[in-house]
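Student: Sequence plus the predicted model coming up.
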2 protein chains.
Amino acid sequence: MTPLARQIQRTLLAALPDPEAAPRPELAAYARLLRDYPERGGKMLRGRLVVLTARAYGDDTAALGVAAALELFQNWVLVHDDIEDDSDERRGRPALHRLVPMPLALNAGDALHAAMWRLLAEAGARRKVLLEFAELVETTASGQHLDLSWTLEGRFDLTPDDYLEMVRRKAAYYTAVAPLRLGALVAGRMPDPAFARAGLELGVAFQIVDDVLNLEGDPAAYGKEAAGDLWEGKRTLILLDWLASAAPEERARAEALLRRPRAEKDPAEVAWLHERLLASGAVARARERARRMAEPALAELERAFAPLPGREAAREALDLLAALVWRER
Amino acid sequence: MTPLARQIQRTLLAALPDPEAAPRPELAAYARLLRDYPERGGKMLRGRLVVLTARAYGDDTAALGVAAALELFQNWVLVHDDIEDDSDERRGRPALHRLVPMPLALNAGDALHAAMWRLLAEAGARRKVLLEFAELVETTASGQHLDLSWTLEGRFDLTPDDYLEMVRRKAAYYTAVAPLRLGALVAGRMPDPAFARAGLELGVAFQIVDDVLNLEGDPAAYGKEAAGDLWEGKRTLILLDWLASAAPEERARAEALLRRPRAEKDPAEVAWLHERLLASGAVARARERARRMAEPALAELERAFAPLPGREAAREALDLLAALVWRER
């Protein structure tokens, strides 16, 4: 963890209830539940991007609380997403709803959501910062609805454009657009319009790389189970690409597998589809597509950062943005 | 619905996405999902109390948005509570997670939670109002944790004091304390300390009456299934009172029933316990206890409202507070 990541994590954890101060044993357990995902760490990419962008704009005095709030967002969303997707693992450990009954995990996610807004209010966040948070939560939820409804309704009549629309909402906005915009707003400046346009492209590239790593990555380093997206029936670009050119019997076999609830999926069938995707070239094509989206986006963001006063912070922010897509885990 | 309740509901619904404006059919369905509970109505007791208290303090210009936000709180909490409690019905219709798959309902609840904060930010709510909302969400979540963990862990080693502690957090704070405090805060005034003390007592009395109505009430008027608390295994004051004096074999029979998950409960056994509770006098004792808590609390609140400039609004606020506990449904 970088010193900045550690500082953000400390700010975040200080905003959560302390188990030692709980008036009853059940409430100590509750406090530990809230701290579980945040204490697992994470790279704090989004929070660091807020602080570095604010520094690039020349004023990071109000950035730390907002950065920690954005990381709290990530934490409560993951708690709820893991329930919604029936995920097994998160950051190398069982998902929260595998450690305690689902209702307790759901409720802990709500408490983390409220703690995010408390942090913003305590940091004296400007109205525009609050509205940006509302925007990022609402955008993410609308993307999550698309993703979930496709899986739950067993839909495969989807194009790469459908995938891009879903991912812009579900991941790209809060991963790249929001941190850049928040960095400008906490510094009291208007966000560069390039942040929305190029940030969205870069954020989509980030998610495509995430989908690639889900199939190709080392699960120990990646922190989630191998091919979890297949177990969860996710409609990824890679899957849609492969389905579009698969032989009819292979397509039918894959769709039948993906429509089954997790518990009814045959591991041998999951392994078959995993191999087919890796062998087909669809994974390599997705990587290439991410690269083609990320390069011009990074160049555009570099131009947006060029005139800002905080040169070193701008350099670090751009390195972080590049690391979002050129990562191996 | 009173004109004020209608005004609050309109403000609330205007803050939610419009299905007609959705860019894709799935997002129209998403918008309808968010509007489902709010469109079912409700009495808007808490929202009305915010506006009337602000008027009593002499300035309700900023009250409507905050009142609508508090009603949005009620809506998203009910969506999530109904999932956590595996409830069947809400406001006379199936619970949201019975209409669509649970993950979609959970996600819609998160979007409503964000819309609540957007409404507050757009209304230009003061920092103290934002912190009061953080307080009410966090207090409610801690009470919900107590309630859920007792049920999920099959605990019956609970006293009436445990029940009171749970209910103060889970229901009393957001039902009575928060609306009174918010009414003062939106008017730019310090909340009277009586609001916290007497509001908590009154709010507990409200919940005890709710537990009574769950067993005694007409389900059509009440909007939830009859004896839903027994199906959900809730530790109510009535149940704890009855268990404390029940014959050992009856106590064992009741505990065995309440520990079973909803789907495995025998309806005849639920009917047996329902009858026993009604016949035992525990329901009547709970009603009496609610009355003994509510009367001095109402008197204290009357004294707090007495010096305020808005006499008519103060009268209406006190009527509303009395109606919380002297209701038949």
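Tutor: Happy to help now that I have it. Residues are numbered from 1 along each chain as shown, chains lettered A, B, ... in the order given.

Student: make it CA atoms for all contacts and neighbour counts henceforth
Tutor: Will do.

Student: and the stretch 201-329 of chain A, which of its residues are near chain B?
Tutor: By Cα under 8 Å from any Cα of the partner chain, no residue of the stretch 201-329 of chain A approaches chain B.

Student: quick one: low-confidence ranges for the stretch 201-329 of chain A?
Tutor: Within the stretch 201-329 of chain A, the ranges that satisfy pLDDT under 70 run A:219-224, A:329.

Student: Go again with 50.
Tutor: For the stretch 201-329 of chain A, applying pLDDT under 50 flags no range at all.

Student: got the residue ranges for the helices in it?
Tutor: Assigned by DSSP state H, counting those that start in this stretch, the stretch 201-329 of chain A shows helices spanning A:219-222, A:228-231, A:237-245, A:248-259, A:267-280, A:282-305, A:311-325.

Student: Could you identify which of the ones you listed is most buried?
Tutor: Among the helices of the stretch 201-329 of chain A, helix A:228-231 has the highest mean neighbour count (mean count of other Cα atoms under 10 Å in any protein chain shown), at a mean of 22.

Student: now the strands for the stretch 51-200 of chain A?
Tutor: For the stretch 51-200 of chain A, the strands defined by DSSP state E, counting those that start in this stretch cover A:89-90, A:93-94.

Student: so which of those comes closest to chain B?
Tutor: Evaluated over these, closeness to chain B peaks at strand A:89-90, with 17.5 Å, by Cα to the nearest Cα.

Student: if we can go back for a sec, any chance of a markdown table for the helices of the stretch 201-329 of chain A, columns distance to B:Tyr173?
Tutor: Shown next, in a markdown table, are these (distance: least, Cα to Cα, whole Å):
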| stretch | distance to B:Tyr173 |
| --- | --- |
| helix A:219-222 | 42 |
| helix A:228-231 | 41 |
| helix A:237-245 | 47 |
| helix A:248-259 | 44 |
| helix A:267-280 | 49 |
| helix A:282-305 | 47 |
| helix A:311-325 | 43 |
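
Student: Pick the most buried one from the strands of the stretch 51-200 of chain A.
Tutor: Mean neighbour count (mean count of other Cα under 10 Å) peaks for strand A:89-90 among those, with a mean of 18.

Student: as a whole number, average confidence for that strand?
Tutor: Strand A:89-90 carries an average pLDDT of 92.

Student: list the contacts for the residue nearest the centre of chain A?
Tutor: Closest to where the C-alpha atoms of chain A average out (Cα atoms, centre = their mean) is A:Ala171, at 5.3 Å. For A:Ala171, the contact set (Cα atoms under 8 Å, 6 or more residues apart in numbering or on different chains) comprises A:140, A:143, A:203-204, A:207.

Student: Now a PyMOL select for only the buried ones of those.
Tutor: Provided next is the PyMOL selection string for whichever of the contacts of A:Ala171 are buried by 16 or more other Cα atoms under 10 Å in any protein chain shown:
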select buried, chain A and resi 140+143+203+204+207
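
Student: And the contacts of A:Ala171, which is closest to B:Asp161?
Tutor: When the contacts of A:Ala171 are compared for distance to B:Asp161 (Cα to Cα), A:Thr140 wins out at 41.3 Å.

Student: For chain B, see how far away the nearest residue to that closest one once chain neighbours are set aside is.
Tutor: The spatially closest residue to A:Thr140, leaving aside those adjacent along the chain, is A:Lys170, at 4.3 Å (Cα to Cα, 6 or more residues apart in numbering or on different chains). Distance, A:Lys170 to chain B, by Cα to the nearest Cα, to the nearest Å: 12 Å.

Student: For A:Lys170, which residues are in contact?
Tutor: By Cα under 8 Å, 6+ apart, the neighbours of A:Lys170 are A:139-144.

Student: I am finished for the moment; much appreciated.
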